[in-house]
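1. need the 3D shape of this:
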Amino acid sequence: MQISMQMMQICIPVLLASLVLAGCASAPIRGRATAQYPKPAMTLAPLVLSPMPSPLSHPPEAGNPQVWILGKWETVEGRSGRVDGVGEFEFRQEGSGLKWRMVRSGWFSGVHTTQTASGSVKRISTSSVELSGQYESSNLGNVAGTPVRHSFTRTGSSLRGYEAASDGTQSLLALKRAQ
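-> Numbers count the residues shown, from 1 in each chain. Modelled structure (predicted):
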């Protein structure tokens, strides 16, 4: 059984007070090891600690830090990586892992483009997420099949981070939970 620091701070003074009341800790013990000491006037009952759940110590995500990411997220600020436009990420549970899919549409170098990418969540905590995958399709250039990574930090209902293309280029990216 694990006892929290807060529980210890409460229990130790109670235990010491019980010992004082029973006459076991009222004065320092003097004498030799063979000395006889008077028995206390009362016998202490064993102190049993039962854990009390605290609403702050176990948030809903504590058992599964992945649940906050599930669902749809959309780009903000009119940018989706290097594309001036809109994009949407969708996260879903698949077995014991998480998968993601991105669809975006906008302008890149004066040409209208539509791209899709997908992959898996490589690392997740309650405050950050890292994605790894590849582009599936694009009507611009030879992007399909190339790797792509994303790294985000969570602040409330928004994600801020970057997209890293296979050539090492990083583009800022911000997402908010879709309505």
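
2. how about low-confidence regions in this structure?
-> For the chain, applying pLDDT under 70 flags the ranges 1-66, 78-83.

3. how about exporting the top strand by length along the chain as CSV, limited to the C-alpha atoms?
-> Of all the elements of type strand in the chain, the one with the most residues (DSSP state E) is strand 111-124. The C-alpha trace of strand 111-124 is given here as CSV (Å, rounded to 0.1, in the frame of the first residue of the first chain):
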residue,chain,number,x,y,z
VAL,A,111,-0.2,26.1,-56.7
HIS,A,112,-3.4,24.8,-55.1
THR,A,113,-2.6,21.5,-53.4
THR,A,114,-4.4,18.8,-51.5
GLN,A,115,-2.4,16.4,-49.3
THR,A,116,-3.1,13.4,-47.1
ALA,A,117,-0.8,11.7,-44.6
SER,A,118,-1.2,9.2,-41.8
GLY,A,119,0.8,7.3,-39.3
SER,A,120,1.0,6.4,-35.6
VAL,A,121,1.5,8.2,-32.3
LYS,A,122,5.1,7.5,-31.2
ARG,A,123,5.0,9.2,-27.8
ILE,A,124,2.3,10.8,-25.8
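
4. just the buried positions in it, please.
-> Thr113, Gln115, Thr116, Ala117, Ser118, Gly119, Val121, Ile124 (16 or more other CB atoms under 10 Å). In this view, the C-beta of every residue, glycine as well, is placed from N, C-alpha and C.

5. quick one: name whatever helix or strand follows it.
-> For strand 111-124, the following helix or strand on the C-terminal side (DSSP states H and E) is strand 128-138.

6. tell me if I'm right that Leu140 and Thr113 touch.
-> Yes: using CB atoms under 8 Å, Leu140 is in contact with Thr113, at 4.0 Å.

7. show me where this structure has helices.
-> For the chain, the helices defined by DSSP state H cover 5-21.

8. break it into its domains for me.
-> Listed by automatic domain parsing, the domain ranges of the chain are 1-54, 68-177.

9. number of nearby residues for Ser109?
-> Ser109 has 10 neighbouring residues, counting by other CB atoms under 10 Å.

10. okay, strands next: where are they in the protein?
-> Applying DSSP E to the chain gives strands spanning 71-75, 79-80, 83-94, 97-108, 111-124, 128-138, 147-155, 158-165, 170-177.

11. which of the ones you listed is buried the deepest?
-> strand 79-80 (a mean of 22; mean count of other CB atoms under 10 Å).

12. so who does Pro147 touch?
-> For Pro147, the contact set (CB atoms under 8 Å, 6 or more residues apart in numbering) comprises Ser132, Gly133, Gln134, Ser166.
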